[in-house]
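Visitor: model this:
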Amino acid sequence: MAFLGSMDIAGSALTAERYRMNTIMQNISNANIPAEKGKEPYRRKQLVLQERPLSFQESLQDAQNTLDTGKSGGVQVDKIVESDRDFKSVYDPDNPNANDEGYVLYPNVDTTEERVDLLAASNAYSTNLTALNVVKAMAMKALSIGGNS
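Guide: The predicted structure is shown next:
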């Protein structure tokens, strides 16, 4: 049934956005934790997403199909990368974590940017959930029409 492929794609997008939100929340929760003396602070993390490849059987069926269905396997997390942005330095010579110059290093996380990214991820999650519900409603309608024959 074609509906299952659509549900699978929307489901993979929901999973990807959930991972994205978890990563953003991890960034926010570590944003104000200073580095221990002589160590590096937390580095901002970001997800890299990619198209999920089709299975061999799906690829074979797609190759045999004369219509261009534009099939996609959905989306998946490819990797998590750390930002190479500079850390924040705050002059606080009384802090036990301060270096020899009196500076304390903080993570390279901008909480405003993270909140905007979290809002975007939340909106994408909601949009994919709506798409999943629409496909589910279409499938239920098709089943009810087929059951009345």
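Visitor: Contact partners for the residue nearest the centre of the chain?
Guide: The centre of the chain sits closest to Arg20, judged by Cα atoms, centre = their mean, with a distance of 2.6 Å. Residues in contact with Arg20, defined by Cβ atoms under 8 Å, 6 or more residues apart in numbering, are Leu47, Leu49, Asp117, Ala121, Ala124. All C-beta spots, glycine's among them, are computed from the backbone N, C-alpha and C.
Visitor: Verify the assumption that the second one is located in a strand.
Guide: Yes. Counting by DSSP: H, G, I helix; E, B strand; the rest coil, Leu49 falls inside a strand.
Visitor: show me where pLDDT drops low in this structure?
Guide: Residues of the chain that meet the criterion pLDDT under 70 lie in 1-3, 54-72, 146-149.
Visitor: That one: helices as residue ranges?
Guide: Under the criterion DSSP state H, the chain contains helices at 2-30, 56-64, 111-147.
Visitor: I'd like those written out as a markdown table, with distance to Gln76 added.
Guide: Listed next are the helices of the chain as a markdown table, based on distance: least, Cβ to Cβ, whole Å:
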| stretch | distance to Gln76 |
| --- | --- |
| helix 2-30 | 6 |
| helix 56-64 | 15 |
| helix 111-147 | 14 |
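Visitor: Would you tell me which one of those is buried the most?
Guide: helix 2-30 (a mean of 17; mean count of other Cβ atoms under 10 Å).
Visitor: Of all pairs in the contacts of Arg20, which one is the farthest apart?
Guide: Leu49 and Asp117 (13.2 Å; Cβ to Cβ).
Visitor: for the closest residue to Ile33 other than its chain neighbours, what are its contacts?
Guide: Nearest non-adjacent residue to Ile33, counting by Cβ to Cβ, 6 or more residues apart in numbering: Tyr42, 6.2 Å away. Listed by Cβ under 8 Å, 6+ apart, the contact set of Tyr42 reads Asn30, Ile33, Ala35, Pro107, Val109.
Visitor: Could you rerun that using 10 Å?
Guide: Tyr42 makes contact with 26-27, 29-35, 82, 87, 105-109 under the criterion Cβ atoms under 10 Å, 6 or more residues apart in numbering.
Visitor: give me every residue that touches the closest residue to Lys79 other than its chain neighbours.
Guide: Excluding the flanking residues, the one nearest Lys79 by Cβ to Cβ, 6+ apart is Val48, at 5.0 Å. Residues near Val48 by Cβ under 10 Å, 6+ apart: Val77, Asp78, Lys79, Ile80, Val81.
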